[in-house]
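Trainee: Got a predicted structure here, sequence first:
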Amino acid sequence: MVMSLRETTTLHNGVKMPWFGLGVYKVKDGSEASESVRIAIQNGYRSIDTAAIYKNEEGVGQGIKESGIPREELFITSKVWNADQGYESTLTAFDQSLKRLELDYLDLYLIHWPVEGKFIETWKALEKLYKDGKVKAVGVSNFHIHHLRDLLKEAEIKPMVNQVEFHPHLTQVELKQFCESEGIQLEAWSPLKQGELLEDETIKEIAESYRKSPAQIILRWDLQQKVITIPKSIKEYRIIANADIFDFELTNEDMDRINALNKDERCGPDPDNFDF
């Protein structure tokens, strides 16, 4: 059972990745990004997840610098955007991300979406970055089982992580089982379904019984599913509250009640049908 903010899971290549981190999707570049990252790190977070398309890597890099925590204690993730996919263009995009973040390496670099006809070449670029020691782990985001199967046929190195939309309305049971069987760590984006799940009556009822908030219940549910989670917030009190989930454990009965809320319903695009 995960019992502290510093606890890690070991990816299949031996790299340790925190179970819990801060996501910065839709966080404005500049002081909003740097402040939220600095606050999170100073309150014990060690994992920060950004992406080129978020256009806030500079702010994230500034927040890392201002936190005063040594780089080697942090776990920083970014992602290559769809327009930059392909072999050479991915290598260039990676260098640009590093430059914006003002870092010498990344801990995890992901293919953001499975762009048809491009993601295999993009993966070969990630393998090169990995072999060259510029990134400690490589993975994918928003990949269905069939995307992963296609990639695994061509890959020399198996993805270490698959970051997908995952929450009580989208429990991704088959994908989770497939990733577990392949040793690929699942990671949740939009764990609170953009706030919609905070109003769910079952979750509110469970929250009351543990004297926790609905957000804390959902984030605890993620960890007990062995899924890494990266909730986003720019408010200090919420960044602190989101991480206050290590002093309790959901019962099997409550886990089952939350699992039963699944509707296979997304708040983001389906990876088989996106046009960006």
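Mentor: The structure has been received and is ready for your questions. Being a predicted model, the structure only gives us computed values, none of them experimental. Numbering: from 1, shown residues only.

Trainee: Could you use CA atoms for every contact and neighbour count after this?
Mentor: Will do.

Trainee: pLDDT weak spots in the stretch 51-200 of the chain?
Mentor: Scanning the stretch 51-200 of the chain with the threshold set as pLDDT under 70 gives no residue ranges.

Trainee: What helices and strands are in contact with the helix or strand hosting K124?
Mentor: Assigned by DSSP states H and E, K124 belongs to helix 119-131. Here helix 119-131 touches helix 87-101, strand 106-111, strand 135-141, helix 145-154, going by 3 or more Cα pairs under 8 Å, 6 or more residues apart in numbering; DSSP states H and E.

Trainee: Dump the ones you listed to TSV, plus distance to D200 and mean neighbour count.
Mentor: Listed next are these as TSV, based on distance: least, Cα to Cα, whole Å; neighbours: other Cα atoms under 10 Å:
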stretch	distance to D200	mean neighbour count
helix 87-101	38	18
strand 106-111	32	25
strand 135-141	27	24
helix 145-154	29	15
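
Trainee: buried set for stretch 246-265?
Mentor: Residues of stretch 246-265 classed as buried by neighbour count (16 or more other Cα atoms under 10 Å): E249, L250, D254, M255, I258, N259, L261, E265.

Trainee: and the fifth one, what does it touch?
Mentor: With contacts taken as Cα atoms under 8 Å, 6 or more residues apart in numbering, I258 has the following neighbours: P168, T202, I203, W221.

Trainee: Mean confidence (pLDDT) on the stretch of helix or strand it belongs to, please.
Mentor: In this structure, I258 sits in helix 252-259 according to DSSP H and E. The pLDDT scores in helix 252-259 average 98.

Trainee: where does the nearest residue to F276 once chain neighbours are set aside fall, phi/psi-wise?
Mentor: Once flanking residues are discounted, F276 sits nearest to N82: 7.1 Å by Cα to Cα, 6 or more residues apart in numbering. Per-residue torsions, N82: phi -60, psi -40 (degrees, to the nearest 10).

Trainee: N82 against V115, yeah?
Mentor: Yes. Using Cα atoms under 8 Å, N82 is in contact with V115, at 6.5 Å.

Trainee: Setting the sequence-adjacent residues aside, check what's closest to E236.
Mentor: That would be I39: by Cα to Cα, 6+ apart, it lies 6.6 Å from E236.

Trainee: next structured bit after whatever helix or strand the one you found lives in?
Mentor: Assigned by DSSP H and E, I39 belongs to helix 31-42. Using DSSP H and E, the next helix or strand after helix 31-42 towards the C-terminus is strand 47-49.

Trainee: which residue of this protein sits farthest from its center?
Mentor: The outermost residue of the chain, judged against the average C-alpha position, is S209 (28.5 Å), by Cα atoms, centre = their mean.

Trainee: can I get the CA coordinates of the one helix or strand that residue maps to in CSV?
Mentor: Using DSSP H and E, S209 maps to helix 201-210. C-alpha atoms of helix 201-210 as CSV (Å, rounded to 0.1, in the frame of the first residue of the first chain):
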residue,chain,number,x,y,z
GLU,A,201,-23.3,10.9,-4.8
THR,A,202,-21.6,7.6,-4.2
ILE,A,203,-18.2,9.2,-4.0
LYS,A,204,-19.5,12.0,-1.7
GLU,A,205,-21.0,9.4,0.6
ILE,A,206,-17.8,7.4,0.7
ALA,A,207,-15.8,10.6,1.3
GLU,A,208,-18.0,11.5,4.3
SER,A,209,-17.4,8.1,5.9
TYR,A,210,-13.6,8.6,5.7
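
Trainee: That helix to helix 252-259, inter-axis angle?
Mentor: 150 degrees (axes from the mean of the first three to the mean of the last three Cα atoms, to 10 degrees).

Trainee: other SSEs contacting helix 201-210?
Mentor: helix 214-224, helix 252-259.

Trainee: ok, 7 Å please
Mentor: helix 214-224 (3 or more Cα pairs under 7 Å, 6 or more residues apart in numbering; DSSP states H and E).

Trainee: Can you give the contact residues for the helix it packs on?
Mentor: V2, L192, L198, I203, K204, A207, I228, T229, N242, I245, M255 (Cα atoms under 7 Å, 6 or more residues apart in numbering).

Trainee: and what of stretch 152-167?
Mentor: 11-12, 127, 137-143, 172, 184-193.
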